[in-house]
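Participant: Sequence first, predicted model second:
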Amino acid sequence: MDSFHAELEARNAALGRFRAYWLDAGTDLLGDWLVEVTYGRIGARGRRIRYVAGDEARKVVRHCLQRRATARRRIGVSYRLRELADPAGWIRPLLELKPER
């Protein structure tokens, strides 16, 4: 199956920023593409939004990740990529998000 998963975090104790962002994409039983976005404060339940994306799933995923890449300018701290499962190569390494080691 062609599925996608990314987990990101933005942490800065001095600014009081502790945010998490999860992005999952995959097909349902009928073959329709779904994109699920969960975000919120680290340790909290978070808010979940689901999109029935159809053929636009890759575009939705890229748009969400590009928005997270501008976090430093918007909230004062960058998101760090904690986990990535991208077997189909949906995102290119040109994003500023880098896996933690």
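Facilitator: That came through, no problem.

Participant: Show me what counts as buried in the longest strand seen in the chain.
Facilitator: Scanning the chain for the strand with the most residues, using DSSP state E, yields strand 17-27. Using 16 or more other C-beta atoms under 10 Å as the test for burial, strand 17-27 gives 17-25. For the C-beta atoms, the positions are set from N, CA and C on the backbone; glycine is no exception.

Participant: which one of these is nearest Glu7?
Facilitator: The closest of the buried residues of strand 17-27 to Glu7 turns out to be Trp22 (C-beta to C-beta; 5.3 Å).

Participant: that's a helix at Ala57, yeah?
Facilitator: Yes - counting by DSSP: H, G, I helix; E, B strand; the rest coil, Ala57 falls inside a helix.

Participant: Report the contact partners of it.
Facilitator: Contacts for Ala57 (C-beta atoms under 8 Å, 6 or more residues apart in numbering) come out as 4, 25, 33-35.

Participant: which residues does the closest residue to it other than its chain neighbours contact?
Facilitator: Excluding the flanking residues, the one nearest Ala57 by C-beta to C-beta, 6 or more residues apart in numbering is Trp33, at 3.8 Å. For Trp33, the contact set (C-beta under 8 Å, 6+ apart) comprises 25-27, 52-57.

Participant: you'd agree Arg41 is up against Arg19?
Facilitator: Yes - when contacts are counted by C-beta atoms under 8 Å, Arg41 is listed as touching Arg19 (6.4 Å).

Participant: Spatially, what comes nearest to the residue at minimal distance from the centre of the chain if we skip its sequence neighbours?
Facilitator: Central residue of the chain (C-alpha atoms, centre = their mean): Leu23, 3.8 Å from the mean position. Nearest residue to Leu23, sequence neighbours excluded (C-beta to C-beta, 6+ apart): Ala6, at 4.6 Å.
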